[in-house]
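Undergrad: Sequence first, predicted coordinates after that:
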Amino acid sequence: MKKSTVLFIGVISILFLFEQKVVAQSDRWQQSVSYKMDIEMDVKTNQYRGTQIIAYSNNSPDTLDQLFFHLYYNAFQPNSMMDVRSRSIADPDRRVGERISKLTPKEIGYIQVESLLLNGQPVEMEEVGTILEVKLPEPILPHSTVLLESKFIAQVPLQVRRAGRDNAEGIKFSMSQWYPKLANYDEQGWHANPYIGREFYGIWGDFDVKITIDKSYILGGTGYLQNNNEIGHGYEEEGVSVKKPSGDNLTWHFYAPKVHDFMWAADPNYTHDKLIMDNGITLHHLYVKDKETQKTWPELKEYTAKAMTFFSERYGAYPYKQYSVIQGGDGGMEYPMSTLITGHRPMGSLVGVMMHELAHSWFQGVLASNESLYSWMDEGFTTYASNLSMAANYLKPSSESPLKGSYTSYERLVESGLEEPLSTHSDHFHTNTAYGAAAYSKGSLFLMQLGYIVGEEVSAKAMLRYWNEWKFRHPNVNDFIRVMEKESGLELDWYKEYWVNSTKTIDYAISSVNEKDKSLVVALERKGLMPMPIDLVVTYENGKKETLYFPLTIMRGSKDAESGFPERTKTQRWPWTNTTIEITIDQSSSPVKGLQIDASERMADIDKSNNSWAAK
């Protein structure tokens, strides 16, 4: 029996169990894969050869006549779509600009599939930029598993964006987006997006990867090292004496279960620090020790552990047993069980980028919404979580909101006139400015404002419920909103429609205040096009404070009173069709000293100058 056939039978058994778990979790199907790859890297030419065996399960109700593979490295060639886009966009990414257009033949990247078989039969395939289009000799029927066998050759590009060799800090190989990767097919069809430098979307599966490379190199990345006692370099078990191998090369064997991508990095000068947390999770930190890193990187381990605990408590228990923080890449980029970050940073920046990329492990790594379609559900939620973690675990206590930068960025976006709806596909934002401010800043405010709308305690419970209901299931915005609705008992589709699908803004004002007998008659006005519930804090001259609450009628309910805020004394529903509402405040016990709309400043009101009133 052929080795591939034996592997095929074994993989099908594994995938059968994986499929059963998926079906048990949800009636929404999703595809599943199992990759087995053997790679031979030539560190002198920066080229590598690979064999790939994929067991692909079509769990959909559809018959598939074609497949698509991502060949990401093909983007790093003159006149590629990424190159053209980077040279034509109004505000190019400074890391890219015109650099791709100037790459020489030995500096470009490519992935070329030399052969591809489906169940032993050759397929018809065409390389179209960063996508390999595959027409199948026989269809893949619903609820069936097929075997794909391929051979490929590739060249690592000079570091430009995310992946590559010889980055600005001298790291030799940052190997992300490095293999032929099956495009995802889901309830919305195929997602074979050409790579122009933005987001990713993958299929859950298992990765069995062997990398043969010059034995002087130290590796790290996604997955668990299977031959750690043969490799050494800090991966060996305590007390084990590692024998130096004969020959020039060494084969590193990694296994990563239930992930949607696989990244690795390699450099002969890496220092490998290892920290085992009390919960058994091993944190790996790989960096090149020099004057820029020798103090900061050893200290980084403590903050990585604090952030891992913080995120696990608030957003769900981290489901893997290891995480690697690796110096490499061109800034910071997240991958399953690992991240690449540049290391020549002051401590605050180093901790900040680590916390951001680690937070992705929840929203991109395990919940894994389609980043291309819902980039803000990853980048925005990650920005929200990592900023809270920085405030709790690194920064000095402050009265300012941890999301202050997001509010400022969003306000600048509105003022610029460049804003596009959050529902815009990430690749199709007209400017990088609009994309970045939308995905990161406006996306983070989506969660911040939900805390205001439903209450912080309810929002916190809903985030854990979101994790428990949707981990490993690629949720979309409707799935998230339904979790919030179930937890809060409120209707929230209006919030999604306004904040995600439009660019309408929030602006409320205290438009008039008049005394009548021993009362104060206050008129509130919605000046912006987006409605929101309103908390109005009333401060009396005797020092007493109270909250007057105006939930929207379309919420079909009210949030519970929040601890830490003035007592709520009155609730009055506000129909969104009415631009104004009036309320009478009794001053018989004490005159009103001041009024404040949204005293917590969680609402992204674009003009706060009219949100307060003070008695003369």
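TA: Everything's here; your move.
Undergrad: contacts and neighbour counts: CA atoms only from here.
TA: Noted.
Undergrad: who touches the closest residue in space to residue 124 that isn't next to it in sequence in this structure?
TA: Leaving aside its sequence neighbours, residue 124 sits nearest to residue 135 (Cα to Cα, 6 or more residues apart in numbering; 5.2 Å). Contacts for residue 135 (Cα atoms under 8 Å, 6 or more residues apart in numbering) come out as 65, 66, 67, 123, 124, 125.
Undergrad: check which helix or strand covers the third one.
TA: Residue 67 is part of strand 64-70, with elements assigned from DSSP states H and E.
Undergrad: how about stretch 206-219 as CSV, C-alpha atoms only?
TA: Extracted as CSV, the C-alpha positions of stretch 206-219 are listed here (Å, rounded to 0.1, in the frame of the first residue of the first chain):
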residue,chain,number,x,y,z
ASP,A,206,-4.3,20.2,11.4
PHE,A,207,-0.8,21.0,10.2
ASP,A,208,2.0,18.3,10.2
VAL,A,209,5.1,20.2,9.0
LYS,A,210,8.7,19.1,8.7
ILE,A,211,11.3,21.7,7.8
THR,A,212,14.8,20.7,6.8
ILE,A,213,17.3,23.6,7.2
ASP,A,214,20.9,24.4,8.0
LYS,A,215,21.5,23.1,11.5
SER,A,216,22.9,26.4,12.7
TYR,A,217,19.4,27.9,12.4
ILE,A,218,16.9,28.2,15.4
LEU,A,219,13.2,28.0,14.5
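Undergrad: picking that back up, mind giving me the PyMOL select for the contacts of residue 135, buried ones only?
TA: Remark: buried members of those, expressed as a PyMOL selection using 16 or more other Cα atoms under 10 Å:
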select buried, resi 66+67+123+125
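Undergrad: List just the nearest of the contacts of residue 135 to residue 79.
TA: residue 125 (21.9 Å; Cα to Cα).
Undergrad: Isn't that closest one up against residue 133?
TA: Yes: if you go by Cα atoms under 8 Å, residue 125 and residue 133 touch, sitting 5.5 Å apart.
Undergrad: any chance you could map the helices in the chain?
TA: Secondary structure of the chain, counting by DSSP state H: helices at 3-25, 81-88, 228-231, 296-315, 347-363, 375-393, 404-416, 432-436, 443-454, 456-470, 477-488, 493-501.
Undergrad: how about those helices in CSV, adding mean neighbour count and distance to residue 336?
TA: Shown next, in CSV, are the helices of the chain (neighbours: other Cα atoms under 10 Å; distance: least, Cα to Cα, whole Å):
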stretch, mean neighbour count, distance to residue 336
helix 3-25, 15, 18
helix 81-88, 19, 24
helix 228-231, 19, 20
helix 296-315, 18, 14
helix 347-363, 23, 6
helix 375-393, 24, 13
helix 404-416, 17, 26
helix 432-436, 21, 22
helix 443-454, 22, 22
helix 456-470, 18, 16
helix 477-488, 17, 22
helix 493-501, 17, 27
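Undergrad: Could I get those helices in CSV, plus columns for mean pLDDT?
TA: Shown next, in CSV, are the helices of the chain (pLDDT from 0 to 100):
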stretch, mean pLDDT
helix 3-25, 45
helix 81-88, 98
helix 228-231, 97
helix 296-315, 98
helix 347-363, 98
helix 375-393, 98
helix 404-416, 98
helix 432-436, 98
helix 443-454, 98
helix 456-470, 98
helix 477-488, 98
helix 493-501, 98
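Undergrad: want to throw these into CSV with distance to residue 220?
TA: Output for the helices of the chain, formatted as CSV (distance: least, Cα to Cα, whole Å):
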stretch, distance to residue 220
helix 3-25, 25
helix 81-88, 28
helix 228-231, 12
helix 296-315, 16
helix 347-363, 16
helix 375-393, 23
helix 404-416, 33
helix 432-436, 29
helix 443-454, 31
helix 456-470, 28
helix 477-488, 34
helix 493-501, 38
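Undergrad: looking at those, which is closest to residue 596?
TA: Here helix 443-454 is closest among those (Cα to Cα), at 15.0 Å.
Undergrad: by contact count, what packs against the closest one?
TA: On a contact count with 3 or more Cα pairs under 8 Å, 6 or more residues apart in numbering; DSSP states H and E, helix 443-454 meets helix 375-393, helix 404-416, helix 456-470.
Undergrad: Could you export that helix as CSV, CA atoms only?
TA: Extracted as CSV, the C-alpha positions of helix 443-454 are listed here (Å, rounded to 0.1, in the frame of the first residue of the first chain):
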residue,chain,number,x,y,z
GLY,A,443,-14.2,48.8,15.3
SER,A,444,-13.0,49.2,18.8
LEU,A,445,-15.6,51.8,19.6
PHE,A,446,-18.3,49.3,18.4
LEU,A,447,-17.5,47.3,21.6
MET,A,448,-17.0,50.4,23.8
GLN,A,449,-20.4,51.8,22.9
LEU,A,450,-22.0,48.4,23.4
GLY,A,451,-20.9,48.6,27.0
TYR,A,452,-22.7,52.0,27.2
ILE,A,453,-25.9,50.6,25.5
VAL,A,454,-26.3,47.3,27.4
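Undergrad: List the neighbours of that helix that are in contact with it.
TA: By Cα under 8 Å, 6+ apart, helix 443-454 touches 376-377, 379-384, 403, 406-407, 422, 457-459, 488, 490, 499, 532-533, 558-560, 602-604.
Undergrad: now, which of the contacts of residue 135 sits nearest residue 183?
TA: For those, the nearest to residue 183 is residue 67 (7.6 Å; Cα to Cα).
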